[in-house]
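Novice: For reference, the sequence and a predicted model appear below.
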Amino acid sequence: MAYATTNPYTGEVVKTFETASEQQVAEAIDKADEAFQTWHLKPIAERLQVLQKAADLLRADVRGFASILTLEMGKLIGEAEAEVNLCIGMLEYYVANAEQQLAPRTLPAKGFDEGDVVIHHEPLGVLYAVEPWNFPFYQVIRIGAPQFSAGNTIVLKHASNVPQSALAMEKLFRDAGAPEGLLVNVFASHDAADQILSDPRVRGVALTGSEGAGASVSATAAKYLKKSTLELGGADAFIVLEDAEIDKAVKWAVFGRHWNAGQVCCSSKRLIVADSIYDEFVEKYRKAVAELVAGDPMDEATTLAPLSMQSAADDLAELVEAARGEGCTVEEVGERVPEQGAFFQPTILTDIPLDSETSQTEFFGPVSQIYRAKDDDDAVRIANSSPFGLGGSVFSQDTERAQRIARRLDTGMVYLNQPTGVKPDVPFGGTKRSGHGRELVDLGLHEFVNAKVVVNSDIDGSF
């Protein structure tokens, strides 16, 4: 596979990189393991100093780091700056909380004195991180901040279209004072997973990406008895009940579906609207989507970015045509998007049969699916009919009612009266075909640590 920076707005191939050889992959593992031997022995306070320095470096040059994201995958510059600030928040979350979250924990146990049974959280070693292009910094920090805090090191295989983002993350931690090898970028091929995961020094893999990539990598991990965490696709339900504030719901729906050009696993892809307000909601939603402005992602006035690459736009067009072929109503919305760049015309799909392929498919781009729900039970039925279970939203002015519906949704996260969000201090992860495992807060921190039990007792007798 070829690694290259291709500007999605201009189509210009800016820089290319050679795919790593088997020897280079082996050297990357060597570096990560060598770093682990010293890194995990450092007091946690010293490890956290590196995280704080990384946060400080990001804060000192938010626009510079953000510009790399916009160049490589077309993210609006304002959204790119928000991603950098999110990374700062995640790093500083662990600076403030990791020591307490990794502290030994005593357990009450019959027949033992208080303090005799202790759980120690110890790092595993080298981890393999396979990350996607849609949030090139955030995805690395989301796994890196907790695992570096715990004492692990990481070999990173980033997406092939964001190589400079990967190098920037590697340099960030080196500049922050980390030992060489704490984060090792390697421009590995997909086939390198077997070489990496078969190495006994590599103790687990964290992957964010497609279902196919997740199935392949997790199968390889299982072959070598390595733990995996997977954050895969999503088709989040955005439920709007008849007592919702419609204008607020419309505003959030437009944002939830179109931020990052709709290329977000947890974006609001399926809008499920109560029958009594359906027509009003759709009319207002259509009008608001039509106001999006496609253009140069470096221009602050642009509100709709190009997709990450032309092939992504082409693939999305094929899915829309397939939906048309299944009988869905397809409506393009707004002014024509520019011909230059990997833009996709905002599109609304309605009249979607629940037994169709369309209803089971993730549309990664500015394509909205809108469903009409007869009542609360019907809204839940539609929401849970998806094979995905990442996030979701419920809009209602009745908090208790919204809470009841949220508890019925088969998904990893539910936000009330806002789209599924990403915050440094809220765990992230899903169910069903959206993957398994959690990232962020203490849940993410503990995914790749050994919860070692130490029993301190001098009891005479037999068991």
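Specialist: Nice, I can see it. Everything numeric here is computed off the predicted structure, so don't read it as measured data.

Novice: Every contact and neighbour count from this point should use C-alpha atoms.
Specialist: Fine.

Novice: wait, is residue 46 part of a helix?
Specialist: Yes - per DSSP: H, G, I helix; E, B strand; the rest coil, residue 46 lies within a helix segment.

Novice: and residue 266, backbone torsions?
Specialist: phi -100, psi 20 (degrees, to the nearest 10).

Novice: repeat for residue 3
Specialist: Dihedral angles for residue 3 - degrees, to the nearest 10 - are phi -100, psi 130.

Novice: so what's it up against?
Specialist: 16, 17, 18, 19, 159, 160, 161, 162, 163, 187 (CA atoms under 8 Å, 6 or more residues apart in numbering).

Novice: Quick check: the closest residue to residue 148 other than its chain neighbours vs residue 146, distance?
Specialist: Nearest residue to residue 148, sequence neighbours excluded (CA to CA, 6 or more residues apart in numbering): residue 47, at 7.2 Å. When distance is defined by CA to CA, to the nearest Å, residue 47 is 11 Å away from residue 146.

Novice: between those two, who's got more neighbours?
Specialist: Legend: neighbour count by other CA atoms under 10 Å for residue 47 and residue 146, higher for residue 146 (30 against 21).

Novice: mind checking how far the more buried one is from residue 354?
Specialist: 40 Å.

Novice: Repeat that for residue 452.
Specialist: Counting by CA to CA, the separation of residue 452 from residue 354 is 47 Å.

Novice: cool, residue 225 as well?
Specialist: For residue 225, the distance to residue 354 - CA to CA - is 38 Å.

Novice: follow-up on the earlier one: could you redo the contacts of residue 3 as a markdown table and give each row pLDDT, neighbour count and secondary structure?
Specialist: Output for those, formatted as a markdown table (pLDDT from 0 to 100; neighbours: other CA atoms under 10 Å; DSSP: H, G, I helix; E, B strand; the rest coil):
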| residue | pLDDT | neighbour count | secondary structure |
| --- | --- | --- | --- |
| 16 | 97 | 15 | strand |
| 17 | 97 | 13 | strand |
| 18 | 97 | 11 | coil |
| 19 | 97 | 16 | coil |
| 159 | 98 | 20 | coil |
| 160 | 97 | 22 | coil |
| 161 | 98 | 23 | coil |
| 162 | 98 | 25 | coil |
| 163 | 98 | 23 | helix |
| 187 | 98 | 24 | coil |
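
Novice: Tell me the one of these nearest residue 378?
Specialist: Residue 378 lies nearest to residue 159 out of those, by CA to CA, at 38.7 Å.

Novice: My guess is that closest one contacts residue 135. True?
Specialist: No - counting by CA atoms under 8 Å, residue 159 sits too far from residue 135 to count as a contact (10.3 Å).

Novice: Just say helix, strand or coil for residue 369.
Specialist: Going by three-state DSSP: residue 369 is strand.

Novice: Not counting sequence-adjacent ones, nearest residue to residue 56?
Specialist: residue 88 (7.8 Å).

Novice: and that neighbour, how many neighbours does it have?
Specialist: Residue 88: 24 neighbours (other CA under 10 Å).

Novice: which of the residues in the helix or strand harbouring it are buried?
Specialist: Assigned by DSSP states H and E, residue 88 belongs to helix 77-101. By 16 or more other CA atoms under 10 Å, the buried positions in helix 77-101 come out as 77-81, 83-95, 97-99, 101.

Novice: Sheet partners, orientation included, of whichever helix or strand comes after that helix?
Specialist: Downstream of helix 77-101, the first helix or strand assigned by DSSP H and E is strand 105-107. Paired strands of strand 105-107, with direction, are strand 117-123 (antiparallel) (DSSP bridges).

Novice: and the strand it pairs with, how far from the chain's centre?
Specialist: How far strand 117-123 lies from its chain's middle: 28 Å, per CA atoms, centre = their mean, to the nearest Å.

Novice: Past it, which element shows up next along the chain?
Specialist: strand 126-130.

Novice: Could I have the CA atoms of that following strand written out in PDB?
Specialist: Output of strand 126-130 as PDB, limited to C-alpha atoms (Å, rounded to 0.1, in the frame of the first residue of the first chain):
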ATOM      1  CA  VAL A 126       4.300  -3.000  23.500                       C
ATOM      2  CA  LEU A 127       0.900  -2.400  21.900                       C
ATOM      3  CA  TYR A 128      -0.100  -2.200  18.200                       C
ATOM      4  CA  ALA A 129      -2.300   0.700  17.300                       C
ATOM      5  CA  VAL A 130      -4.100   0.800  13.900                       C
END
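
Novice: who does that strand touch, helix- and strand-wise?
Specialist: Applying 3 or more CA pairs under 8 Å, 6 or more residues apart in numbering; DSSP states H and E, one finds that strand 126-130 contacts helix 22-39, strand 153-157, strand 202-208.

Novice: So which of these has the densest surroundings on average?
Specialist: Mean neighbour count (mean count of other CA atoms under 10 Å) peaks for strand 153-157 among these, with a mean of 28.

Novice: contacting residues around it?
Specialist: 28-29, 32-33, 35-36, 125-131, 144, 147, 166, 181-188.

Novice: 6 Å - rerun?
Specialist: Strand 153-157 is contacted from outside by 32, 36, 126, 127, 128, 129, 130, 182, 183, 184, 185, 186, using CA atoms under 6 Å, 6 or more residues apart in numbering.

Novice: Then stretch 382-395?
Specialist: Residues outside stretch 382-395 that contact it (CA under 6 Å, 6+ apart): 234, 236-240, 244, 266, 360, 402, 411-417, 419-420, 430-434.

Novice: Check the model's average confidence along stretch 389-408 for me.
Specialist: Average pLDDT, stretch 389-408: 98.

Novice: Could you work out the end-to-end span of it for me?
Specialist: 12 Å.

Novice: Go through it and flag the buried ones.
Specialist: Neighbour counts over stretch 389-408 (16+ other CA under 10 Å) mark 389, 390, 391, 392, 393, 394, 395, 396, 402, 405, 406 as buried.

Novice: tell me the SS of the last one?
Specialist: At residue 406, secondary structure determined by three-state DSSP is helix.

Novice: and of the contacts of residue 3, the nearest to residue 174?
Specialist: Proximity of the contacts of residue 3 to residue 174 (CA to CA) peaks at residue 163, which lies at 16.9 Å.

Novice: give me the low-pLDDT residue ranges for this protein?
Specialist: 1, 458-463 (pLDDT under 70).

Novice: do that again at 90, thanks
Specialist: 1-2, 110-111, 456-463 (pLDDT under 90).

Novice: My read is that residue 328 contacts residue 352, right?
Specialist: Yes - in this structure, residue 328 is within contact of residue 352 by CA atoms under 6 Å, at 5.1 Å.

Novice: Now do the phi/psi pair for residue 428.
Specialist: The phi/psi pair for residue 428 (degrees, to the nearest 10) is phi -130, psi 130.

Novice: What residues are bridge-paired with it?
Specialist: Beta-bridge pairing for residue 428 (DSSP bridges): residue 439.
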